[in-house]
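# Sharing a model prediction with you, sequence too.
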Amino acid sequence: MTVPVFYSITDDFTPYAAVSLHSLVKHADPKRDYTVTFLHQGLSRDHEKALAAYNRDNVHIKFYEMSDELLKPIQDRKENYFRGDFAMSIFYRLFIPDLFPEYDKVVYIDSDTVLNDDIAKLYDHDLGNNLLGACTDTSIQFVEKILRYIKEVLALDPKEYINSGMLVMNAKAFREENFVDKFFSLLGRYHFDCIAPDQDYLNEICSGRIKYLDGRWDAMPNENTAALENPGLIHYNLFSKPWRFSGIQYEDYFWTNAEETIFADELKAELAKTTDEERDTEYHKLDRELDMTLQDPHNWARVKENEQVTL
């Protein structure tokens, strides 16, 4: 039985995805089989070739191009463009169970990750009747405005709010319970601005059906907490990108793997050319967006309060 792993990427994210894939292959158990699929729209031939080079006897690299027709209901909506760095690729993960009915369980990880352990161990978690296995979002626990956003805009408990950059998905249950239909129904009936659309919808729809996994499987840089001694998966969430900022917690894991890829020089050049002004803009962008959603009279919490929302 193969271990199915999925990424969703845009073409410009290929160098980071290559680092993640390199680390995944490096830690894969030679006695197990893995199928890694990249969901994309318009991946260049050179970049596809660079990722496909990681094919091994027991690691099979595949590519799936997402159709415009599938994504049509969520394209060109003003709510989706609230975030300045919005990309349609953030929604791809929601469709994995329906697009790949041959799998009853899958692992999804973002491209800004590095594996430090065998991803099969993540896949092996028994989800029971839960829809998801995931980790609470530790990158936000000391950010007052994000905590306010989760409580006041989403009306959710921040300590139960998961990060969608690593998901063990109960694909069979997603299909049986028509997750995509519920997502489109919410999207079509209620219009509200949100900071992380895919993540916020997953937290809303899957609430009460989430198995919380050990935080070592979604270790995120956080200057307020000590680094984990043995992280299984490192997720460079928010602005904690080692190719943009120096001195980031867990950055050594990234650069050790990056140096072993063909993108090493490109990634080091990106870090070198990023200006302090660009870093400052990036650092404060989320702050400005949070201010806007907290003041929005039609945010999700107010919709739930004023209307009888059904899932």
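Received, thanks. All of these numbers come straight from a predicted model, not from anything done at the bench.
# Tell me how far the spatially most central residue of the chain lies from Asp296.
Most central in the chain under C-alpha atoms, centre = their mean is Gly165, positioned 2.4 Å from the mean C-alpha point. Counting by C-beta to C-beta, to the nearest Å, the separation of Gly165 from Asp296 is 25 Å. Quick note: C-beta positions are derived from backbone N, CA and C, even for glycine.
# Can you find the helix or strand of this structure with the lowest average pLDDT?
Within the chain, no helix or strand scores below helix 300-306, which has a mean of 72 by mean pLDDT, DSSP states H and E.
# roughly how far is it from the heart of the chain?
26 Å (C-alpha atoms, centre = their mean, to the nearest Å).
# buried stuff in it?
Buried residues in helix 300-306, defined by neighbour count with 16 or more other C-beta atoms under 10 Å: 300-301, 303.
# Going by distance to Phe100, which of these wins?
Nearest to Phe100 out of those is Trp300 (C-beta to C-beta; 29.4 Å).
# so what's the residue nearest to the centre of the chain up against?
Applying C-beta atoms under 8 Å, 6 or more residues apart in numbering to Gly165 gives the contacts 109-110, 112-113, 218, 235, 237.
# Buried ones only from the residues you listed, please, as a ChimeraX command.
This is the ChimeraX syntax for the buried subset of these, where burial follows 16+ other C-beta under 10 Å:
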select :109,110,112,113,218,235,237
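# Turn the contacts of Gly165 into CSV, columns for secondary structure, distance to Ser246 and pLDDT.
Compiled in CSV, these are given as follows (DSSP: H, G, I helix; E, B strand; the rest coil; distance: C-beta to C-beta, whole Å; pLDDT from 0 to 100):
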residue, secondary structure, distance to Ser246, pLDDT
Ile109, strand, 24, 98
Asp110, coil, 21, 97
Asp112, coil, 16, 97
Thr113, strand, 19, 98
Asp218, helix, 23, 97
His235, strand, 18, 97
Asn237, coil, 17, 91
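# can you give me the strands for this protein?
Secondary structure of the chain (DSSP state E): strands at 2-8, 33-40, 59-65, 106-109, 113-115, 132-134, 166-169, 210-212, 233-235.
# With distance to Lys72 added, can I get those strands in TSV?
Formatted as TSV, the strands of the chain follow (distance: least, C-beta to C-beta, whole Å):
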stretch	distance to Lys72
strand 2-8	17
strand 33-40	16
strand 59-65	15
strand 106-109	22
strand 113-115	29
strand 132-134	26
strand 166-169	23
strand 210-212	29
strand 233-235	30
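# Which one, of these, ends up nearest to Glu266?
strand 113-115 (16.8 Å).
# closest to Phe95 out of the strands of the chain?
Short answer: strand 33-40, nearest of the strands of the chain by C-beta to C-beta, at 8.1 Å.
# quick one: strands adjacent to the closest one?
strand 2-8 (parallel), strand 59-65 (parallel) (DSSP bridges).
# Give the buried residues for stretch 270-278.
Within stretch 270-278, the residues that qualify as buried are Thr274, counting by 16+ other C-beta under 10 Å.
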